[in-house]
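What follows is a predicted structure for the sequence shown.
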Protein chains: 2
Amino acid sequence: MIAPEDQDVVSALEGPPRAPLPASSRDKILDVAEALFARRGYAGVGLREVAEQVGLGKSSLFHHFRSKAELYLAVLLRVFERIDERVRPSFEAGGPPEERLDRSVDALIDALAEHPTTARLLLRGLFEDDDLPDRASAALAEAERALEKLVGGMLGLLREGIESGAFRSASPGHVLQTLVGAVVYHFASGEFGEGMIGAPLFSQGAVRRRKDEVKQLLLRGLSAPPAPALRTGGPS
Amino acid sequence: MIAPEDQDVVSALEGPPRAPLPASSRDKILDVAEALFARRGYAGVGLREVAEQVGLGKSSLFHHFRSKAELYLAVLLRVFERIDERVRPSFEAGGPPEERLDRSVDALIDALAEHPTTARLLLRGLFEDDDLPDRASAALAEAERALEKLVGGMLGLLREGIESGAFRSASPGHVLQTLVGAVVYHFASGEFGEGMIGAPLFSQGAVRRRKDEVKQLLLRGLSAPPAPALRTGGPS
DNA sequence: GTCTATATCACGATAGAC
DNA sequence: GTCTATCGTGATATAGAC
């Protein structure tokens, strides 16, 4: 392990510094592609535009990624990993269900607020039927399975809370769908969402506020009775 | 007003029947395009594919829509209108805020569940930065303003409920973002969402269940104290 | 209104020099 | 590892006959 204070020295000997990126071409391509794919999706982005913004010729991209699909895949994988890294420890740590849920929501929102592209790419990864070539599509499916382990953990946490009586009886799947929608949609909602809350979505204050509002709604919504009167079902 | 039983007679005199569609070419194009755009987005769909599925030559499309952008716009407008039609009367009708909110959620979910394409297109319309030509982009912005009137009404309803004490103190914008995320994301979430709730998203039972689960969470979440203990903020 | 061309352009990807 | 040049394809859109 390398002590943080020694990194500059070490990197002077071993290579470029890690955190403040001069950034390899590969990383630069990924960054540019991430921003573009988030805005316009897989089909909406041309490699020419990527190359231009990176400052390379189009052909040079193919030395780093064999195809457009592979580039897209690499972008999505990086996003999934960032999310997993942030959220997993927060709900794997112990404590009563309310606290673990509370912490997990914080972590998930932090993960989505870290880069303005994250929520949009996650959303695209989840609901978009891109026609990727078979191999890339399979790799993506596998990456989503990693996310599903995260989902499985969250579902377990909710089930546990319900069984222990900490939460009222509810469908863990529906609750989780609501949570995901509430946070992923929110940070993907761009100008529309900013009009709704009257502030930039990614400002520090707005992020903290979002955490509080979501947790209030969720934890109150999951708390045991008294239940308000509800019309059930309604017109199909 | 025309009695339903007389429609066949009337339409035999006046034109094709209204409900059971032999469908004009224009409507057929819109239907096909809606399905495709919902799945793969604006850039991901080629007019060739649309024409094939409609059963026309590619060029014939341009007699009904001047450009691809105009076709996309027409699809989105139809979707927005369908939503507006369904939801507006439900919250404009009177009653106490809880009831109006209850009915509005039912109506919104009914609108999204009506066609499997609706939620995805709405989502795309809200967050996607398609590069449409300026004129189409402006028209879309105007259409979104119509939706914003709906949003404004919902915000007013929430504010009213909060001021009257029916709901606890909360940010109407954040609550509405949560509601929209909870329902629009849900019905756009495809296979991922189906894995989450363990059923087809659009089956009658699943739709009814979604209504109940969302309303439980929302109305309980908005009910007045007692409040569970909450960690506020968390790491930024 | 639908068709058969066709124009024009951008795309993803490859070849091969440096 | 980056470049120039190019291939082949499919895109949107137009022209004009029927």
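That came through fine.

Name the residues of chain A found near DNA strand D, please.
By C-beta under 7 Å from any atom of the strand, the part of chain A that sits against DNA strand D consists of A:Ser25, A:Gly55, A:Leu56, A:Gly57, A:Lys58, A:Ser59, A:Ser60, A:His63, A:His64. Glycine gets a C-beta too; all of them are placed from N, C-alpha and C.

among these, which are in helices?
In this view, the residues of chain A next to DNA strand D that belong to helices under DSSP state H are A:Ser25.

which sections of chain A are below the confidence cut-off?
For chain A, the stretches with pLDDT under 70 are A:1-22, A:226-236.

Regarding it, what is its longest helix?
helix A:134-163.

quick check, that one touching chain B?
Yes: counting by C-beta under 8 Å from any C-beta of the partner chain, chain B has neighbours in helix A:134-163: A:Glu144, A:Glu148, A:Val151, A:Leu155.

just to revisit the earlier point, so which of the residues of chain A next to DNA strand D is the closest to DNA strand C?
Of all these, DNA strand C sits closest to A:Ser59, with 3.4 Å by C-beta to the nearest atom of the strand.

Buried subset of the residues of helix A:134-163 next to chain B, written for ChimeraX?
Filtering the residues of helix A:134-163 next to chain B down to the buried ones (16 or more other C-beta atoms under 10 Å in any protein chain shown) takes a single ChimeraX command:
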select /A:144,151,155
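
Can you add distance to DNA strand C and give the residues of helix A:134-163 next to chain B back as a markdown table?
Listed next are those as a markdown table, based on distance: C-beta to the nearest atom of the strand, whole Å:
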| residue | distance to DNA strand C |
| --- | --- |
| A:Glu144 | 22 |
| A:Glu148 | 28 |
| A:Val151 | 31 |
| A:Leu155 | 37 |
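
Chain neighbours aside, what residue packs nearest to A:Leu73?
Spatially, and ignoring its direct neighbours in sequence, A:Leu73 is nearest to A:Ala136 (5.0 Å; C-beta to C-beta, 6 or more residues apart in numbering or on different chains).

The one you found is in contact with A:Leu71, isn't it?
No: applying C-beta atoms under 8 Å as the test, A:Ala136 and A:Leu71 come out as separate, 9.7 Å apart.

and the two? which has more neighbours close in?
Legend: neighbour count by other C-beta atoms under 10 Å in any protein chain shown for A:Ala136 and A:Leu71, higher for A:Leu71 (24 against 20).

what about the helices in chain A?
Under DSSP H, chain A gives helices at A:7-14, A:25-44, A:47-54, A:68-92, A:97-114, A:118-127, A:134-163, A:172-180, A:186-188, A:190-197, A:204-222.

Among those helices, show me which one is buried the most.
helix A:186-188 (a mean of 28; mean count of other C-beta atoms under 10 Å in any protein chain shown).

Spell out whether that one and chain B are in contact.
Yes: contact of helix A:186-188 with chain B (C-beta under 8 Å from any C-beta) involves A:His186, A:Ala188.

same question, stretch A:190-206
Yes: under the criterion of C-beta under 8 Å from any C-beta, stretch A:190-206 makes contact with chain B via A:Gly190, A:Phe192, A:Gly193, A:Gly195, A:Met196, A:Ile197, A:Gly198, A:Gln204.

for those residues, which one is nearest B:Val214?
Nearest to B:Val214 out of the residues of stretch A:190-206 next to chain B is A:Met196 (C-beta to C-beta; 17.9 Å).

For that closest one, list the residues it contacts.
Each residue near A:Met196 by C-beta atoms under 8 Å, 6 or more residues apart in numbering or on different chains is listed here: A:Ser189, B:Val151, B:Leu155, B:Gly173, B:Leu176, B:Gln177.

roughly how far apart are it and B:Leu155?
8 Å (C-beta to C-beta, to the nearest Å).

Mind listing the shared neighbours of those two?
Common neighbours of A:Met196 and B:Leu155 (C-beta under 8 Å, 6+ apart) are B:Gly173, B:Leu176.

Can you turn the buried part of the residues of chain A next to DNA strand D into a ChimeraX selection?
Buried subset of these, written as a ChimeraX selection, criterion 16+ other C-beta under 10 Å:
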select /A:56,64
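
can you put the residues of chain A next to DNA strand D in CSV and add distance to B:Ala93?
Converted to CSV, the residues of chain A next to DNA strand D look like this (distance: C-beta to C-beta, whole Å):
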residue, distance to B:Ala93
A:Ser25, 60
A:Gly55, 58
A:Leu56, 59
A:Gly57, 62
A:Lys58, 57
A:Ser59, 62
A:Ser60, 61
A:His63, 63
A:His64, 58
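
Nearest residue to A:Glu85 in space, please, no chain neighbours.
A:Ala111 (7.9 Å).

so how far is DNA strand D from that neighbour?
Counting by C-beta to the nearest atom of the strand, to the nearest Å, the gap between A:Ala111 and DNA strand D amounts to 30 Å.

Please name the residues that touch that residue.
A:Ala111 neighbours (C-beta under 8 Å, 6+ apart): A:Arg82, A:Ile83, A:Glu85, A:Arg86, A:Val87, A:Thr118.

Please apply the same query to A:Glu70.
Counting by C-beta under 8 Å, 6+ apart, A:Glu70 has contacts A:Ala136.

tell me the contacts of the residue lying closest to A:Thr117 once chain neighbours are set aside?
Leaving aside its sequence neighbours, A:Thr117 sits nearest to A:Ala38 (C-beta to C-beta, 6+ apart; 3.8 Å). Contact analysis of A:Ala38 by C-beta under 8 Å, 6+ apart lists A:Pro116, A:Thr117, A:Arg120, A:Leu121, A:Arg124.
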